[in-house]
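Colleague: Structure for the following, please:
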Amino acid sequence: MRHANKTKYLGRKAQHRRAMLANMASSLIEHKRINTTVAKAKALKRYVEPLITKSKEDNTHNRRVVFSYLRDKNATAELFREVVDKVGDRPGGYTRIIRTGNRLGDNAEMCLIELVDFNELYTGSKKEKSKSRRRRRGGSKKTGDAAAKEGSAQAQTDDASPAKEESTAEKQKSPQADETKTASAPKEAGSKGEESPSAPKEDGNEAKQ
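Modeller: Sure, this is the predicted structure:
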């Protein structure tokens, strides 16, 4: 019977077991989740959670204590800098074990152990996508048929442009011709008007004679 035997030996000697748990705890803090067996995950949970609780109070003594367990200054700095900001308000239960099935080789029960507050699916802290519509800048790429149609339309406009220029030139000339015609018309009417009164006078003189 296993009375008062709480140590999970994991098939290793004490020094090997401590080194393994220290490496696993550093990896968990840096990557926020790791894959391992269920037995190792349960041992790691009891190893790393007291360190996270100790990191809530940032002082030199606690940093030295945590470093003596993790044996990695980068993991220690990240624990006191990033991890505490997320788990500072949580009273405990910083990790979660998700079973993923059995391993093919030795049929060992596998799982995923992660830090609870760094999972965006469960916490719902994923950033919402902006609902603003995207607007294209510049001209969009067009298909070959559309480009051919545009080319033909431009060619037609280029062909029609000389005719348009000629018609505009004629329109510009036509007002001048109208002006010359209107200017010459009164003169002709005036000359005819001067001759017309003289004709009756001559007839009257002949009648008197």
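
Colleague: where do the strands sit along this protein?
Modeller: With strands called from DSSP state E, the chain shows them at 33-37, 95-102, 109-115.

Colleague: between the first one and strand 95-102, how big is the angle?
Modeller: Computed by axes from the mean of the first three to the mean of the last three CA atoms, to 10 degrees, the angle separating strand 33-37 from strand 95-102 equals 50 degrees.

Colleague: What of the last one?
Modeller: Inter-element angle recorded for strand 109-115 and strand 95-102: 160 degrees (by the same axes, to 10 degrees).

Colleague: Strand 109-115 pairs with which strands, and in what direction?
Modeller: Strand partners for strand 109-115, identified by DSSP bridges, are recorded as strand 33-37 (antiparallel), strand 95-102 (antiparallel).

Colleague: Now do the buried residues in the shortest one.
Modeller: Across strand 33-37, burial judged by 16 or more other CB atoms under 10 Å covers Ile34, Thr36, Thr37. For the C-beta atoms, the positions are set from N, CA and C on the backbone; glycine is no exception.

Colleague: Please apply the same query to the last one.
Modeller: Buried residues in strand 95-102, counted by 16+ other CB under 10 Å: Thr95, Arg96.

Colleague: hmm, who's touching it?
Modeller: By CB atoms under 8 Å, 6 or more residues apart in numbering, the residues outside strand 95-102 that reach it are 28, 35, 38, 41-42, 44-45, 48-49, 108-116, 119, 122.

Colleague: one step back: can I get the strands of the chain in a markdown table including mean pLDDT and distance to Met1?
Modeller: Below are the strands of the chain laid out as a markdown table (pLDDT from 0 to 100; distance: least, CB to CB, whole Å):
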| stretch | mean pLDDT | distance to Met1 |
| --- | --- | --- |
| strand 33-37 | 96 | 25 |
| strand 95-102 | 96 | 26 |
| strand 109-115 | 96 | 24 |
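
Colleague: closest to Asp58 out of those strands?
Modeller: Ranking the strands of the chain by proximity to Asp58 (CB to CB) places strand 109-115 first, at 18.2 Å.

Colleague: Take the closest one, keep the C-alpha atoms, and write them as CSV.
Modeller: Extracted as CSV, the C-alpha positions of strand 109-115 are listed here (Å, rounded to 0.1, in the frame of the first residue of the first chain):
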residue,chain,number,x,y,z
GLU,A,109,-1.3,8.5,-22.0
MET,A,110,-0.4,11.9,-23.5
CYS,A,111,-1.7,15.3,-22.7
LEU,A,112,-1.2,19.1,-23.3
ILE,A,113,-0.4,21.2,-20.2
GLU,A,114,-0.8,25.0,-20.6
LEU,A,115,-1.0,28.2,-18.6
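
Colleague: So which bits of it are buried?
Modeller: Within strand 109-115, the residues that qualify as buried are Met110, Cys111, Ile113, Glu114, Leu115, counting by 16+ other CB under 10 Å.
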